[in-house]
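Q: Sequence first, then the predicted structure, then my questions.
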Amino acid sequence: IDDTPTTETIRAADLDLSKPSTYQATDPQQVVAMNDVVDETTENILVDARSSDRFQGTVDEPRAGLRRGHMPGAINIPYTTLLNPSNVSLLKSKDELAAIFKQAGIQVQDERDIVTTCGSGVTACTLVAGLEYCGRDPSKTFVYDGSWVEYGRDDSGTPVETNQK
């Protein structure tokens, strides 16, 4: 395994997807596992980037074998609310992002760890980017990369809440 860092830009169009990948992540940082999320002794703030319907459990998950709902105590901020509507490849302004977090009850500079989650661990990174853009200390923000595909499995035995009436 070549673990030498590179500054080379890799374009998706240049990738040969017909060959098996040899990439292996090393030294993952700011990533937590399910046992960190379900540990009731922590005071982590859980923030879920999925759509409100999925979070509230009013629609089925797009993947089979997953329950409806969210992790107990989680706060919902759909990642799409952080995107600039004129160009969804960009975030909104710092002031707009700070207002979104504040309205959800999140203080960007809170000393507690913030753990972001979503369906598969990808869009949770948008929340991390928004928090850090607003000045949050990166060492206090984490991604639960197993996210709902791990936590919400029918056979996971983890507690789930819904906001269904």
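A: Looks like it came in fine. What you are looking at is a predicted structure, and each value in this text was computed from that prediction instead of being measured. Numbering: from 1, shown residues only.

Q: For stretch 126-141, the averaged confidence score.
A: For stretch 126-141, the mean pLDDT works out to 96.

Q: wait, I meant stretch 24-36
A: Here stretch 24-36 scores 81 as its mean pLDDT.

Q: What residues sit buried inside that stretch?
A: If you call a residue buried by 16 or more other C-beta atoms under 10 Å, then stretch 24-36 has these buried ones: Q30, V32, M34. (Each C-beta comes from the backbone N, C-alpha and C, glycine too.)

Q: out of the residues you listed, who's nearest F101?
A: Q30 (17.9 Å; C-beta to C-beta).

Q: residues in contact with the closest one?
A: V128, P138, S139, T141, F142, V143 (C-beta atoms under 8 Å, 6 or more residues apart in numbering).

Q: The residue nearest to P78 when sequence neighbours are not counted: how many residues sit nearby?
A: Once flanking residues are discounted, P78 sits nearest to S51: 5.2 Å by C-beta to C-beta, 6 or more residues apart in numbering. S51 is flanked by 18 other residues according to other C-beta atoms under 10 Å.

Q: any idea how far S51 lies from L90?
A: For S51, the distance to L90 equals 20 Å [C-beta to C-beta, to the nearest Å].

Q: what does A12 give?
A: In terms of C-beta to C-beta, A12 sits 19 Å off from L90.

Q: most neighbours, which of the contacts of Q30?
A: Of those, with other C-beta under 10 Å as the count, V143 tops at 23 neighbours.

Q: Okay, and the beta partners of that residue?
A: Beta bridges link V143 to V31, T116 when assigned by DSSP bridges.

Q: How far does the helix or strand bottoming out on mean pLDDT in the chain sit from its chain's centre?
A: Least confident helix or strand, the chain: helix 34-38 with a mean of 84, by mean pLDDT, DSSP states H and E. Relative to its chain's centre, helix 34-38 lies at 14 Å (C-alpha atoms, centre = their mean, to the nearest Å).

Q: Residues in contact with it: which ones?
A: Outside helix 34-38, the residues touching it (C-beta under 8 Å, 6+ apart) are 42, 44, 46, 71, 115, 117, 142, 144, 146, 150-151, 156, 158.
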